[in-house]
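Asker: task: produce atomic coordinates for the following.
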Amino acid sequence: MDLAMDEASDDPSMVGMLGRVTGTVGPGLVGEVIVRIRGGAEHFLAHPASPKERIEVGTVVTVVEHLPPRTVYVTAAYGG
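Answerer: Residues are numbered from 1 along each chain as shown. The predicted structure follows:
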């Protein structure tokens with residue numbers, strides 16, 4: 001049995017979840033966000049959902065796409 005496939009099938013959809021930027025997300029950058037999931041908090045590599053958007057450390061973001069196992073596309077959760 002493939003453990004990665006098993007984990008993916010147990011993983012709730014991350015789309016719509018809120019997270020916080022811990023490494024700047026922006027064009028030409030691979031940022032980082034922390035998301036509360038599966039009873040804890042996990043870090044994910046992050047890219048901006050809009051190719052020109054830059055999202056600074058500390059910003060609350062919404063996950064708009066999840067590419068398993070550890071990559072997400074995000075946008076700022078609140079206008080700024």
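
Asker: how about low-confidence regions in the chain?
Answerer: The model of the chain has pLDDT under 70 over residues 1-12, 80.

Asker: switch to 80 and redo it
Answerer: Low-confidence segments of the chain, defined by pLDDT under 80, span residues 1-12, 79-80.

Asker: so which residue is dead centre in it?
Answerer: Taking Cα atoms, centre = their mean as the criterion, V72 is the residue nearest the geometric centre of the chain, at 3.8 Å.

Asker: who's that residue bridged to?
Answerer: For V72, the beta-bridge partners under DSSP bridges are A46, H66.

Asker: that one against A46, yeah?
Answerer: Yes. Checked against Cβ atoms under 8 Å, the pair V72 and A46 is within contact range at 5.3 Å. Glycine gets a C-beta too; all of them are placed from N, C-alpha and C.

Asker: any common contacting residues for these two?
Answerer: When contacts are counted by Cβ atoms under 8 Å, 6 or more residues apart in numbering, V72 and A46 have 19, 33 as shared neighbours.

Asker: all the helices of the chain, residue numbers only.
Answerer: In chain order, the chain shows helices spanning 3-10, with DSSP state H as the criterion.

Asker: can you show me the strands along the protein?
Answerer: Counting by DSSP state E, the chain has these strands, from start to end: 18-23, 31-37, 40-48, 60-67, 71-76.

Asker: contact partners of the longest one?
Answerer: Just to be clear, that refers to strand 40-48. Outside strand 40-48, the residues within contact range by Cβ under 8 Å, 6+ apart are 19, 21-23, 25-27, 30-35, 54-55, 61, 70-75.

Asker: which of those count as buried?
Answerer: Neighbour counting by 16 or more other Cβ atoms under 10 Å classes 19, 21, 25-26, 31-33, 35, 55, 61, 72-75 among those as buried.
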